[in-house]
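Chemist: With the input below, show me the fold.
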Amino acid sequence: MFFRRFQPAFTDGVIDLVPIRLYPPDSAMGFGECYDYIIAPHGVSREAGRISLRLGESPCVYYFGHIGYHVDPPYRGKRYARRACALLKPLMKERGKQSVVITTDPDNIPSRRTCEALGCEMERIVDVPKEIRSRWEISPVKCRYIWRLDD
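Modeler: Down below sits the predicted model:
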């Protein structure tokens, strides 16, 4: 998908994170302050994926995570998700986060590898409560990874 080019908020010379505003999350989700970005190859007005940062704390954040990302199939295998997470690290620290949670489905091996490449620690595998699954679209089981931001 092509998008109108904006100044990237963050770049590492390989990818750019271009700020976007999606619909606000359901307030009951407790996501708090949210930052949404298009992941794009550096200097190219083509969407390769998206990443969201949620700074709130709530039962939903426990299962959805502070960070959510996806990379479109043609761009997978290039470590764009890892790069995008790393680019958001200064913002997370600026907002007072010492650690964040990234959740993934147990069978999503590429996402689990992204978490490991970031230095995340797998905290546990959890069953998502039926109330959350029935209200919001989410898998029934999630791996919870903790990313400690102090380096």
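
Chemist: So what's the gap between the one helix or strand in the chain whose mean pLDDT sits lowest and the chain middle?
Modeler: The helix or strand with the lowest mean pLDDT-type score in the chain, counting by mean pLDDT, DSSP states H and E, is helix 130-135 (a mean of 90). Relative to its parent chain, helix 130-135 has a centroid offset of 21 Å by Cα atoms, centre = their mean, to the nearest Å.

Chemist: Equivalent analysis for stretch 103-120, please.
Modeler: A distance of 11 Å separates the centroid of the chain from that of stretch 103-120, by Cα atoms, centre = their mean.

Chemist: which other residues reach it?
Modeler: Stretch 103-120 has contacts (Cβ atoms under 8 Å, 6 or more residues apart in numbering) with 63-65, 69, 76-77, 79, 81-82, 85-86, 102, 122, 125, 139, 141-148. Glycine gets a C-beta too; all of them are placed from N, C-alpha and C.

Chemist: Now, the residues you listed that are in helices?
Modeler: Restricting those to those inside helices, with DSSP state H as the criterion, leaves 63-64, 81-82, 85-86.

Chemist: Determine the set of other helices and strands touching whatever helix or strand Arg50 lives in.
Modeler: Assessed by DSSP states H and E, Arg50 sits inside strand 49-54. When contacts are defined as 3 or more Cβ pairs under 8 Å, 6 or more residues apart in numbering; DSSP states H and E, strand 49-54 packs onto strand 34-41, strand 67-71, helix 80-94.
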